[in-house]
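J.: Here is my input, please return the structure:
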Amino acid sequence: MSKHSSVTYKTGCAISEDMYYMASTLDAVSEYGFTRMFMYDHIDIKWYYHDLDFTVVQVCLDDVTTFEEKFVYSLGEDGEVEKFDGVDGLHDFIPNSGLNADWSDGLGYLNSIKLIGKDLYACGGSGQIYKKIGSNKWASINIEIEKQKPEEADELFSTLPDFPDALNVEIYDINGFSENDLYIVGQSFDEGLVAHYNGVTWSVMPKFTPAALLSISLFNKDIIICGDHGSLIIGNIKDGFNRLTSKGIEYGFNSAAFYNDSLYIASQKYLYTLKDGVYSKVKIRADIDDQGFHKVEVKGKILWVLTLKFILRLDGSNWSIIDNPSNIELNKINSVKSNEICPQQGYWFTVAQENSRQYFKQGDIFPHLKSDWGDVYWQFDGED
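T.: Just a heads-up that it's a prediction; the model follows:
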């Protein structure tokens, strides 16, 4: 796998106030079937990574099942699961899930993995909802849909009161407070879906929005639901829900978390705060402010924010902007001034001269060319 590629983040989770774990793709290769997992240590300013041969869609932290250590779980779209302790990874899969694996049964890709209480859950297309039973078995928490053919799924789900036809249900996230107090969100028949599980049966909430609902965060006794077209819903099954969607925001909301009396919201375009009913864009740096935000999460006194290219860390009043070394190194070799040393063997060109593309070895000196534009820069154009 290429060592010289910038990376783009896909998902992540906070480990502590000083550590963050994230999944990325290499910009130089296909994002399918490969994921580079990074661990960032803010105290020592160190990066660690290992590679997985599947497409990771979500990660989650396990810091409750043992007192001795923490684990992070990575979920692949075809049901692959890695349990990682910071050094070694144990690999598992969810039978019948996904589309392309040997164990897949055509039900669709998975979207989310969460530790709820002390139990691990996953969800995805065609109404798939799984719970890990014991150390090595995954099972549906509603009916044994994982053992059925797709054409039988609708009939099976129709036996559940008020639950939509399975093949028309895309579940994007699952979260909750215990095995008897679970929520799922997604989309069914082009309408937003919210459902609650009490440990025995599912209850589908009245329609809040036609927009797809994408994520669930927890705050005190409430859940915070984010979705397309600025959808934001807060509440619980007992006390009811409030819809706080702003009609003036067209971008999808990916994640939300309360921090310092404001609700921070990661959207497909901007980072917002919501306070006293007013939405505001957060200004951090010009090249970051409108480039898309994946996730916001609070650990202790720290707000972590994951963007496409950066990790952001707010310690109450000061932002730390954390750039991945792979992106920094690539930026350094992408454009080099003439008369300086070539940092990477391969083909380079300059816009100061037509047909200038040529091969340089590492250590060669870039030639100086006269140009009315001033300084001449050579740009990297690959090794082939």
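J.: Just name the shakiest helix or strand of this structure by mean pLDDT.
T.: helix 150-157 (a mean of 45; mean pLDDT, DSSP states H and E).
J.: Can you name the element that comes right after that helix?
T.: Next along the chain after helix 150-157, taking DSSP states H and E as the criterion, comes strand 169-178.
J.: quick check: angle from the following helix or strand past that following strand to strand 169-178?
T.: The first helix or strand that comes after strand 169-178 along the chain, using DSSP H and E, is strand 181-188. Interaxial angle, strand 181-188 versus strand 169-178 (axes from the mean of the first three to the mean of the last three Cα atoms, to 10 degrees): 160 degrees.
J.: List of residues touching strand 181-188?
T.: 116, 121, 123, 129, 141, 164-165, 168-176, 192-199, 212-216, 223, 225, 227, 237 (Cβ atoms under 8 Å, 6 or more residues apart in numbering). For the C-beta atoms, the positions are set from N, CA and C on the backbone; glycine is no exception.
J.: Go ahead and build a PyMOL selection from the buried members of these.
T.: With 16 or more other Cβ atoms under 10 Å as the criterion, this PyMOL line picks the buried residues out of the contacts of strand 181-188:
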select buried, resi 116+121+123+129+141+164+165+168+169+170+171+172+173+174+175+176+192+193+194+195+196+197+212+213+214+215+216+223+225+227+237
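J.: Low-confidence regions, this protein specifically.
T.: For the chain, the stretches with pLDDT under 70 are 1-4, 31, 65-68, 142-167, 329-334, 372-374, 384.
J.: In it, what residue spans correspond to helices?
T.: Under the criterion DSSP state H, helices of the chain are mapped to 150-157, 325-334.
J.: wait, doesn't Phe84 sit right on Phe71?
T.: Yes: contact status for Phe84 versus Phe71: in contact at 6.5 Å, counting by Cβ atoms under 8 Å.
J.: what number of residues lie near Gly125?
T.: 22 (other Cβ atoms under 10 Å).
J.: wait, what's in contact with it?
T.: Residues near Gly125 by Cβ under 8 Å, 6+ apart: Leu107, Gly108, Tyr109, Leu110, Asn111, Val169, Glu170, Ile171.
J.: Relative to Tyr21, how far out is it?
T.: Distance, Gly125 to Tyr21, using Cβ to Cβ, to the nearest Å: 25 Å.
J.: Report the contact partners of the closest residue in space to Gly346 that isn't next to it in sequence.
T.: Counting by Cβ to Cβ, 6 or more residues apart in numbering, Glu383 is the residue found nearest to Gly346 once chain neighbours are left out, at 4.1 Å. By Cβ under 8 Å, 6+ apart, the contact set of Glu383 is Gln345, Gly346, Tyr347.
J.: What is the nearest of these to Val204?
T.: Top of the list for closeness to Val204, among the contacts of Glu383 and by Cβ to Cβ, is Gly346 at 56.0 Å.
J.: Touching, that closest one and Asp381? I think so.
T.: Yes: using Cβ under 8 Å, Gly346 makes contact with Asp381 at a distance of 7.1 Å.
J.: now Arg36, which residues is it bridged with?
T.: Ser24, Asp51 (DSSP bridges).
J.: about what we covered before: narrow the contacts of Glu383 to those that are buried.
T.: Among those, the ones that count as buried by 16+ other Cβ under 10 Å are Gly346.
J.: Reformat the contacts of Glu383 as a markdown table; add distance to Ala266.
T.: Output for the contacts of Glu383, formatted as a markdown table (distance: Cβ to Cβ, whole Å):
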| residue | distance to Ala266 |
| --- | --- |
| Gln345 | 39 |
| Gly346 | 36 |
| Tyr347 | 38 |
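J.: Counting neighbours, what do you get for the nearest residue in space to Lys247 that is not next to it in sequence?
T.: Spatially, and ignoring its direct neighbours in sequence, Lys247 is nearest to Gly230 (7.7 Å; Cβ to Cβ, 6+ apart). Per other Cβ under 10 Å, the neighbour tally for Gly230 reads 23.
J.: residues contacting Gly230?
T.: By Cβ under 8 Å, 6+ apart, the contact list for Gly230 reads Thr245, Ser246, Lys247, Gly248, Ile249, Glu250, Tyr251, Gly252, Phe253, Ser267.
J.: ok, now with 6 Å
T.: Contacts for Gly230 (Cβ atoms under 6 Å, 6 or more residues apart in numbering) come out as Thr245, Ser246, Ile249, Phe253.
J.: Ok, Phe293 next?
T.: By Cβ under 6 Å, 6+ apart, the contact set of Phe293 is Ala266, Leu271, Thr307.
J.: what do you get if the cut-off is 8 Å, keeping everything else the same?
T.: Asn254, Ser255, Ala266, Ser267, Gln268, Tyr270, Leu271, Val305, Leu306, Thr307.
J.: of all those, which comes closest to Asp287?
T.: Distance to Asp287 across those (Cβ to Cβ) is lowest for Thr307, with 10.4 Å.
J.: The closest residue in space to Ser104 that isn't next to it in sequence - how many residues pack around it?
T.: Counting by Cβ to Cβ, 6+ apart, Gly98 is the residue found nearest to Ser104 once chain neighbours are left out, at 4.2 Å. Neighbourhood size, Gly98 [other Cβ under 10 Å]: 27.
J.: mind checking how far Gly98 is from Tyr21?
T.: Plainly put, Gly98 is 23 Å away from Tyr21 if you go by Cβ to Cβ.
J.: so can I have TSV of the contacts of Gly125 showing distance to Ile365?
T.: TSV is the format used below for the contacts of Gly125 (distance: Cβ to Cβ, whole Å):
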residue	distance to Ile365
Leu107	58
Gly108	55
Tyr109	50
Leu110	52
Asn111	51
Val169	62
Glu170	56
Ile171	58
